[in-house]
Structures are given as structure tokens and as C-alpha cells.
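In: I would like the atomic coordinates for the input below:
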Amino acid sequence: MPAPAVQPSEDQVFAALASPVRREVLRLLREHGPQPVNELAAHFAMARPSFSEHLKVLREAGLASETKVGRQRLYQLEAVPLHEVQDWLSPFERFWRAKLADLGTLLDSMDDDQA
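Out: As a prediction, the model looks like this:
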């Protein structure tokens, strides 16, 4: 049974996502569903304690959960913090879409000789 979820801070989520290893773990969990630790670790050329530390960061950030099934520990993607990141990034996306739309309008209004 998974441990009770603790509300991670926004900083923990962003720190967890800063690592390419952790982003790859999340991609593997997204594409292949829950997986045992050994199966996940097989994708990375690193010592087991180092990989375990990455999994711990993902758990503490609320991005992954661990369930014990017999002798195995299965990891599963937890997407709620990713939705919160998307919500945080959304105003920036709107900002850049507006800037690019303005640039497109400017370029469309220019004569071919001015471009």
C-alpha cells in the first residue's frame, strides 16, 4: 500500500524536473506504466544508490509513488504535480503566443522589399 501523500512544494517539483535522469524516469513511467525498480534502473548507467536517490526525489516531489508487491517495489507516475507545473507555465505560454502573433502581424504588414 502506498504511503500517504505529502503535499510537495512547488520548488521540490521544479527541482525534481531539473534532472534529465528524473525526466527520463517520468517518461518511462508515462509510456510503459508502473514498473519495478530493477526494470527502471536498467535504463541508466549508474550505481544503484545514485538511482535510488533519484527515485526518492521523485517520490518526495509527489511525481512518483512506490508500491510494494511481494518482494518488488513498483513505481508509478503521479501526474497531479505536472498539472500544477502546466498551470504555472500557462501565463508564460500565453505571453509568448501573443508576442509571436504580434511579430507575425508586423511581418505580414511589411512589403516584400522591406523584409
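In: Tell me the buried residues in the helix or strand hosting Leu106?
Out: For Leu106, the host element (DSSP states H and E) is helix 80-109. By neighbour count with 16 or more other Cβ atoms under 10 Å, helix 80-109 contains the buried residues 81-82. The way it works is simple: take the backbone N, C-alpha and C, and place the C-beta from them, glycine included.
In: Any idea how far that helix is from the middle of the chain?
Out: In terms of Cα atoms, centre = their mean, to the nearest Å, the centre of helix 80-109 is found 19 Å from the chain centre.
In: repeat for stretch 41-49
Out: Taking mean C-alpha positions (Cα atoms, centre = their mean), stretch 41-49 and its chain are 19 Å apart.
In: And for stretch 40-60?
Out: Relative to where its chain is centred, stretch 40-60 has its mean C-alpha point 15 Å off (Cα atoms, centre = their mean).
In: i'd like the first residue to be 34 from this point on
Out: Fine by me, first position is 34 from now on; the one you just mentioned is stretch 73-93.
In: can you list the residues that contact it?
Out: Residues from elsewhere that reach stretch 73-93, judged by Cβ atoms under 8 Å, 6 or more residues apart in numbering: 39, 41, 45, 48-49, 52, 54-55, 57-59, 61-62, 70, 97-99, 108.
In: for stretch 112-126, same thing?
Out: Counting by Cβ under 8 Å, 6+ apart, residues outside stretch 112-126 touching it are 41, 43, 46-47, 50, 94-96.
In: Over that stretch, what's the mean pLDDT, rounded is fine.
Out: In this model, stretch 112-126 carries a mean pLDDT of 83.
In: ditto for stretch 54-67
Out: In this model, stretch 54-67 has a mean pLDDT of 97.
In: Return the set of buried residues in that stretch.
Out: In terms of neighbour count (16+ other Cβ under 10 Å), stretch 54-67 has its buried residues at 54-55, 58-59, 61-62.
In: Go through the residues you listed and name the one nearest Arg127.
Out: Minimum separation from Arg127 among these (Cβ to Cβ) is found for Leu59, which lies at 25.0 Å.
In: Which strand or helix spans that closest one?
Out: Take DSSP H and E as the rule and Leu59 turns out to sit in helix 53-65.
In: so what does that helix touch, helix or strand wise?
Out: In terms of contacts (3 or more Cβ pairs under 8 Å, 6 or more residues apart in numbering; DSSP states H and E), helix 53-65 is packed against helix 70-74, helix 81-93, strand 97-102, strand 105-110.
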